Structure formats: C-alpha cells, structure tokens
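J.: coords please:
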Amino acid sequence: MLAFAFAVMADPVSSVAYAVEAALRALDGDLALLVPTMGLVVAIIALIIVNYQQLITRYPHGGGASAAAGEAFGEAWAFIPIGALIVDFVLTIAISVSAGASATIAYFPGLAPWRVPLALLLVVVVGGITWFGHLGRLFFALMTLAFIVVAGVVLVFGLGATPHQVGTITQTSGRESLLAVALAFPVAMALATGVEAPSSAIAQLGQLDDVGRRQFGRVTLWLTLGIVGSITVGLAVEAHRLRIGIPHAETTQIAELARVAAPGPVFAAFQLVTALLLLSAASSSFQAGPGLLKALARHENQEGRTIGILARGLGRTNAHHTPYWGVVLFTTISAAVVAAAGARDQELVLFYAVSVFLSFLAGLLAMALFSHRDAHTGSLVLNLGGAVVVAFTLAINLARGVPLVSLGAALLVAAVLFGTWVRAGRPGGIGNLAAQAEGAPPDDGQG
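T.: Residues are numbered from 1 along each chain as shown. Predicted structure coming up:
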C-alpha cells in the first residue's frame, strides 16, 4: 500500500522539477518574491486537497471530477473533465520528457543541440516500454522515494553552501509585490496537476472496502502535500539564499541549485533521479490515457451487451493487457507537442495548469451543488471558496493568451466525445469511466 501511495505521487512530485523555475520566470527573476509565491501555491493546493477529500468520501470507487460532474449536472457534463484529463495526459507526457531532456542536458551540455531528438526519443522509449505492460507500482514508488531522499540531501548541503549567483536576478519584478505574486503563482500551479490522481487511483484498490479506500485517498493527498510542499518551499528558500536565478537556456534552476549546493557526486545523483522520476510521470500518463480511451471504446459487458462510444480498436489489448492503439495515439500526439515546443519544458508549463484546472473547477462546482442540496453550509463555503480560487487561477493563465490552446483542446475533445455519445444513443455510466480506466489489469508478471 505504501508503494502504491508513492507511485501515485510521481506526477506531483516530478512537477517540482519545473514549477519553481516557472514561478521565477513569471516574476521576471525577482528572487525576493519567489518564496511567498511558492508558499501561496502550496496553500492553494492544500485548499484543493481539502475539497478533494469530499470527492473521495462521496466516490470511494474512484471517478473524481468526471463522476461528480456527471451526477451533479447530467451525464453530458462529465465529458468536460474527461476532455480535460485527456489533454492533461498528453501535456504530462510532453512536459515530463522535455524536462527529462533538460535534466540530462544540464549534466551533459554537449547534448544541447540534440534537445528535440533526445526528447522525441524519450517519448518513443517510454511509450514503447508501456507497450509491454505496466512498469509496476514498485518502480514508480522507488523513483519517487529516490528523488525525495536525494532532494533532501541537496537541501541539507545547501544549508552550509556559500551563495554564488547564477543566472538572471532582478531586484524588482516591475510591479507591486502583491500584484506580481498574484500574476505569477498561476503559472507555478503546474505543481497541482497530480492532485486528481488519488481520487481516481483508489479504483485499483479492490482489496479494500469503501472505508479503506477513503482513508487511503485522504492520507495519500495529505502525504503528497507534505512532501511536495516541503521540497518546493525548501528549494525556493535555498534558491533565494544561494542566489540561483533564471538559468541560461541549456540548464535548469534546480540543476544549478544542486550544482552550487552539493558535491559533484550528489549533483550527478540528483540529475539522474530527477530524469528518472520525470520519465516515470510520463509513463504513468502513458498508462492512464490509453486506459481511459479503452474504457470509452465499444465493448461487450458481462451481460453481453455492447457499451462504449469510441472505435473498438482503442479497446484492443496485446498479451500484456496494453491498449496498443491508444499508446500509439498518445505517442504520436505527445511527440507532435514536444516538437512544436522545441522540447522546452518552460514553454510547455505555460499550457499545463489549464486543462487540469478545468477539471478541478468542474469537480468543485459539482461538490458545491451537493453541499447546497444537503444543506451543509460549511462544506458549501469551502467548495465555493475553492472554486473561486481555481477559477481565478484559470483566468489568469488564460489571460496570457497562448494557454487558450489548452482550453480549446480540452473543450474540443469534450465536444467530439459528446457528439459520439449522442450518436451512440447516450449510454449511461459515462461519469464513472475514469474509475473504470483505473481498474488494474490482470497480473502480467511485471509488477
């Protein structure tokens, strides 16, 4: 169970690799505002987690925002968080392999001219490994734990390191401090992208009853916050103290922090575990994305009745229970996104927090409706407060212009799925497909 919990954390923990730098870039290099900005990010994640505890309590068999939206507003509305999740899976793969390439180049700068081919190779390799079945919960857990341990070692060394300015640092962001933080933190909310995971992953815990699933989901959410929050704030504090600013194009902020703070072997270990954790996060989305398409594909249920709305091919699996056409589709789209962004994770991070926050908003509004119906005033205030904060974050990101592409892609996917659903006769159970997609396949001997 502990290994599964740490496996679920791979996505949010890996986001540390680029979220802190994204915040500093949004602050135009004002290191003095980095710590309060990341503190605000962690506080907002805590607010989302408090709300998602209610989702887990209501849906102990998984489903998350799509199940809530479908129940609250009607089945058709479930397609909005489903569309958002599909886009989020693509972006997770793209940003994770791009950040993995960045971590590699930061240690081997000679590979810089090969950034795009390297990232595309990583997409194909991770997708290819997924073809042969689940990598196993233990592998994801080990990568997450390794990063946590090595990051902790770097932070400890940093306490005694001598400040050494690296990169671009400004004395002011050019705006009032509160305004600068308010405009910068939404970009760093990429750190929140894994919050949805426990609410769906509990569907895999068939050995537990509803009480056990609820407890596991809640503990995992708060453990994730504690770990991600501690590492994030720790890195922000040490970046400020050691004077680690916006890095040059062929390295990353956390790589330069580790280089300044720790001895060479520790720096090498940090880059290795960072890259492996990022590839683990990509692999997780390579499993979840095609799994969701498989759940949506037409197939026969136990009663022999045909259900589903997408082409049957997306539900076909190989000997390792992998929906291979789904893997091919996600590999192709993710590779195109990587190439379009030049394999720059700091370009992709601008798009990243949009689609998942659309899913958050749908889930929180649904929970607000439930709280209103049940006359739970305290929960209603909490749900609406969370929805307002999520909507503000979404609005600030969209105001930058370019992230509208992510919103448009999520809504387009949702519209296509909705149209297919209508043509299929509006079959029921759409809101629970996220939970079905998380169902563990038969044991294939790979963990």
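J.: any idea how far the closest residue to residue 33 other than its chain neighbours lies from residue 171?
T.: Take residue 33 and drop its neighbours on the chain: the residue closest to it by C-beta to C-beta, 6 or more residues apart in numbering is residue 27, 5.1 Å away. C-beta here means a position set from N, CA and C on the backbone, and glycine is covered the same way. Using C-beta to C-beta, to the nearest Å, one gets 12 Å for the distance from residue 27 to residue 171.
J.: relative to residue 274, how far out is residue 18?
T.: In this view, residue 18 and residue 274 are 10 Å apart by C-beta to C-beta.
J.: picking up where we left off before, show me what contacts the residue nearest to residue 33?
T.: Neighbouring residues of residue 27 by C-beta atoms under 8 Å, 6 or more residues apart in numbering: 33, 34, 37, 173, 180, 181, 184.
J.: with just CA atoms, put stretch 412-429 into PDB.
T.: Listed next in PDB are the C-alpha coordinates belonging to stretch 412-429 (Å, rounded to 0.1, in the frame of the first residue of the first chain):
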ATOM      1  CA  LEU A 412     -12.800  20.200 -28.500                       C
ATOM      2  CA  VAL A 413     -12.100  16.700 -27.100                       C
ATOM      3  CA  ALA A 414     -15.100  17.000 -24.900                       C
ATOM      4  CA  ALA A 415     -17.300  18.100 -27.800                       C
ATOM      5  CA  VAL A 416     -16.100  15.300 -30.000                       C
ATOM      6  CA  LEU A 417     -16.800  12.700 -27.300                       C
ATOM      7  CA  PHE A 418     -20.200  14.300 -26.600                       C
ATOM      8  CA  GLY A 419     -21.200  14.100 -30.300                       C
ATOM      9  CA  THR A 420     -20.000  10.400 -30.400                       C
ATOM     10  CA  TRP A 421     -22.000   9.700 -27.200                       C
ATOM     11  CA  VAL A 422     -25.200  11.200 -28.700                       C
ATOM     12  CA  ARG A 423     -24.800   9.200 -31.900                       C
ATOM     13  CA  ALA A 424     -24.300   6.100 -29.700                       C
ATOM     14  CA  GLY A 425     -27.700   6.700 -28.100                       C
ATOM     15  CA  ARG A 426     -26.500   8.400 -24.900                       C
ATOM     16  CA  PRO A 427     -25.400   5.300 -23.000                       C
ATOM     17  CA  GLY A 428     -25.300   5.700 -19.200                       C
ATOM     18  CA  GLY A 429     -22.300   5.400 -16.900                       C
END
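J.: spit out the contact partners of the residue nearest to the spatial centre of the chain.
T.: The centroid of the chain falls nearest to residue 193 when counting by C-alpha atoms, centre = their mean (3.3 Å). With contact set as C-beta under 8 Å, 6+ apart, residue 193 has these partners: 11, 12, 15, 88, 92, 352, 353, 356.
J.: check residue 99 too.
T.: Residue 99 neighbours (C-beta under 8 Å, 6+ apart): 14, 17, 18, 252, 278, 345.
J.: list of residues touching stretch 101-119?
T.: The contact list for stretch 101-119 (C-beta under 8 Å, 6+ apart) reads 17-18, 97-98, 100, 122, 249-252, 255-256, 267-268, 271, 274-275, 278, 338-339, 342-345.
J.: sorry, wrong one. I was asking about stretch 148-164.
T.: Applying C-beta under 8 Å, 6+ apart, the set of residues contacting stretch 148-164 from outside is 13, 16, 227, 231, 234-235, 238, 241-243, 257-258, 260-263, 266-267, 269-270, 273.
J.: hmm, try it at 7 Å
T.: Applying C-beta atoms under 7 Å, 6 or more residues apart in numbering, the contact partners of stretch 148-164 are 13, 227, 231, 234, 238, 241-243, 258, 260-262, 266, 269-270, 273.
J.: pull out the buried members of those residues.
T.: 13, 227, 231, 234, 238, 241-242, 258, 260-262, 266, 269-270, 273 (16 or more other C-beta atoms under 10 Å).
J.: in helices, which of those appear?
T.: Of the buried ones among the contacts of stretch 148-164, the ones assigned to helices by DSSP state H are 13, 227, 231, 234, 238, 241-242, 258, 260-261, 266, 269-270, 273.
J.: all helices of the stretch 151-300 of the chain, in order?
T.: Assigned by DSSP state H, counting those that start in this stretch, the helices in the stretch 151-300 of the chain fall at 177-188, 197-201, 210-242, 253-261, 264-296.
J.: now the last one: mean pLDDT?
T.: The reference is to helix 264-296. Model confidence over helix 264-296 averages 91 on the pLDDT scale.
J.: ok, now the first one?
T.: Averaging pLDDT along helix 177-188 yields 87.
J.: if you count contacts, what does it end up packed against?
T.: When contacts are defined as 3 or more C-beta pairs under 7 Å, 6 or more residues apart in numbering; DSSP states H and E, helix 177-188 packs onto helix 16-26, helix 34-58, helix 345-373, helix 377-399.
J.: adding distance to residue 321 and mean neighbour count, write those out as CSV.
T.: Formatted as CSV, these follow (distance: least, C-beta to C-beta, whole Å; neighbours: other C-beta atoms under 10 Å):
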stretch, distance to residue 321, mean neighbour count
helix 16-26, 30, 27
helix 34-58, 26, 20
helix 345-373, 26, 24
helix 377-399, 35, 18
